[in-house]
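**Student:** I would like the atomic coordinates for the input below:
(one chain, ligands or ions: 1)
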Amino acid sequence: MTHRPLHLLLGVTGGIAAYKTAELIRLLVKHGHSVQVVMTEAATHFITPTTLQALSGNPVFVDSWDQRISNGMPHIELSRKADAILIAPASADFIAKLAHGFANDLLSTLCLARECPLMVAPAMNRQMWENAATQRNVTQLQQDGITILGPDSGEQACGEIGQGRMLEPEDLLEGIEAFFTPKLFAGKKILITAGATMEMLDPVRGITNISSGKMGYALARVALRMGAEVTVVHGHTYAACPSVTQDIFAGSAQAMYQTVMQHVASQDIFIGVAAVADYRPEVSSTQKIKKSEETLTINLIKNKDILADVASLPNPPYCVGFAAETEHVLDYAQQKRVAKRIPMIVANHASTAMGSDQNTVTIIDEQGNHSLETDTKENIAYKLLSYINTKVT
Ligand code: CTP
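**Tutor:** Sure, this is the predicted structure:
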């Protein structure tokens, strides 16, 4: 299973958050989805159809009497090809219309005549959101099987602070992706390590590596979409940690070891993606090391192996390792799988995998080698987690 391209009907209603919809369309298209925009008349006062047409690459519809649909039924035709309708922003007025089944413009008629799922991203002033009428209407939408994405809280266009901001485009995209991902890991707990450790030489310098954390974070994001309870223990990374169930920073190999051991007991699956330093300085100076001699010798001592120790616990979770190698990739990875006594290891080439948004991996387990085509780290995460799922159920 990979990330599936979706066709979305994006409804835009009147609200200042409509400016964020432009960015949402750009993101959806970038992720391979196609977008058909339908606006209410009020929405056109906040952003123009021309802008949204240019970003979506499709004509924008506003009017129920639009002659561009040949059978004269845009209120039926436009949603028939859609995997879902998303209303973003959804004004208080439009939510009220949906709750009561009104169909007095193109967008509300499309919603009433739909066969596909409907998602709604509310955006309004906090008092409008908190108003008993809005809350009653939102509860009604939920009872009708409509998915509510957000709202967020924070500073509002009116200057007030509170609940009612539309979710950011990245969060809306996440909500849509999650909605369409089968919940393979419902009820399961997954612990993932990600990023690079830094072994401090003194308060400002350390030994580290070029791991970006992107593969670990992609796995965390997709595992969450698949319904798992996800804990991420991460070192230093070049990417933002996704909003998972729990994320904990552990900067050094020792800190990562302790944090993993504290949280591993109740886990079903452990995936070690972090590039953990094998050695740390024997002495970490409390003050900055001053430049003096021509050469400087640093004594390094071995760190404990997190993955091997988790795998040797009395009742271990299903353990998956990653091996980033620069030569003899498959042989070295297989040797690590055996040495660490883990059922599965994922082999990849360090020079092309580390820091990149793409990866080429081979899964190695007791059944042999399974090579996956080069793909985005997110799609690799989908395939890998789907494969892991066949081993744990
Ligand atoms: N790993 C770990 N703890 C360590 C070292 C590695 O949990 N102290 C995990 C990594 O997260 C990864 C796997 O072991 O899942 C392989 O890591 P890698 O650094 O490639 O292997 P090493 O055993 O350290 O071997 P080498 O550095 O000699 O290649």
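
**Student:** may I have the beta-bridge partners of the residue in the stretch 51-200 of the chain that the ligand sits nearest to?
**Tutor:** The nearest approach of the stretch 51-200 of the chain to the ligand comes at Thr193, 5.7 Å away (Cβ to the nearest ligand atom). From N, CA and C alone the C-beta is placed, and that goes for glycine too. Thr193 forms beta bridges with Val233, Gly272, as assigned by DSSP bridges.

**Student:** and for it, the neighbour number?
**Tutor:** For Thr193, the tally of surrounding residues (other Cβ atoms under 10 Å) stands at 28.

**Student:** try Thr50
**Tutor:** By the measure other Cβ under 10 Å, the count of residues near Thr50 is 10.

**Student:** show residues contacting the helix or strand that contains Leu219.
**Tutor:** In the assignment (DSSP states H and E), Leu219 maps to helix 214-225. Helix 214-225 is contacted by residues 174, 177-178, 181, 185, 190, 192-195, 230, 232, 234, 237-245, 271, 273-274, 322, 353, 355-357, 359, 376-378, 380-382, 384-385 when judged by Cβ atoms under 8 Å, 6 or more residues apart in numbering.

**Student:** ok so, going back, so what's the residue of the stretch 51-200 of the chain closest to the ligand up against?
**Tutor:** Counted by Cβ under 8 Å, 6+ apart, Thr193 has contacts 216, 232-235, 256, 260, 271-274, 276, 306.

**Student:** before we move on, back to that, do the helix holding Leu219 and the ligand meet at all?
**Tutor:** No: counting by Cβ under 6 Å from any ligand atom, the ligand has no neighbours in helix 214-225; the shortest distance is 9.0 Å.

**Student:** can you list the domain ranges for the chain.
**Tutor:** 7-180, 189-392 (automatic domain parsing).

**Student:** Serialize the ones you listed to JSON lines and add fields for mean pLDDT.
**Tutor:** Below are the domains of the chain laid out as JSON lines (pLDDT from 0 to 100):
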{"stretch": "domain 7-180", "mean pLDDT": "94"}
{"stretch": "domain 189-392", "mean pLDDT": "96"}
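
**Student:** ranges for the helices of the stretch 1-150 of the chain?
**Tutor:** Per DSSP state H, counting those that start in this stretch, the stretch 1-150 of the chain carries helices over the ranges 18-30, 49-56, 74-80, 92-100, 106-112, 126-130, 132-143.

**Student:** deepest-packed of those helices, please.
**Tutor:** Ranked by mean neighbour count under mean count of other Cβ atoms under 10 Å, these are led by helix 106-112, which reaches a mean of 22.

**Student:** need the residues that contact the lengthiest helix in the chain.
**Tutor:** Taking DSSP state H as the criterion, the chain has its longest helix at helix 377-392. If you take Cβ under 8 Å, 6+ apart as the criterion, helix 377-392 is touched by 1-3, 184-185, 188, 214-215, 218-219, 221-223, 226, 268-269, 271, 318, 320, 343-344, 346, 356-359, 361, 363, 365, 370, 372, 375.

**Student:** hmm, try it at 7 Å
**Tutor:** 1-3, 184-185, 214-215, 218-219, 222-223, 226, 268-269, 318, 320, 343, 346, 357-359, 361, 363, 372 (Cβ atoms under 7 Å, 6 or more residues apart in numbering).

**Student:** how near is Ser64 to Thr40?
**Tutor:** 11 Å (Cβ to Cβ, to the nearest Å).

**Student:** equivalent analysis for Cys319, please.
**Tutor:** 52 Å.
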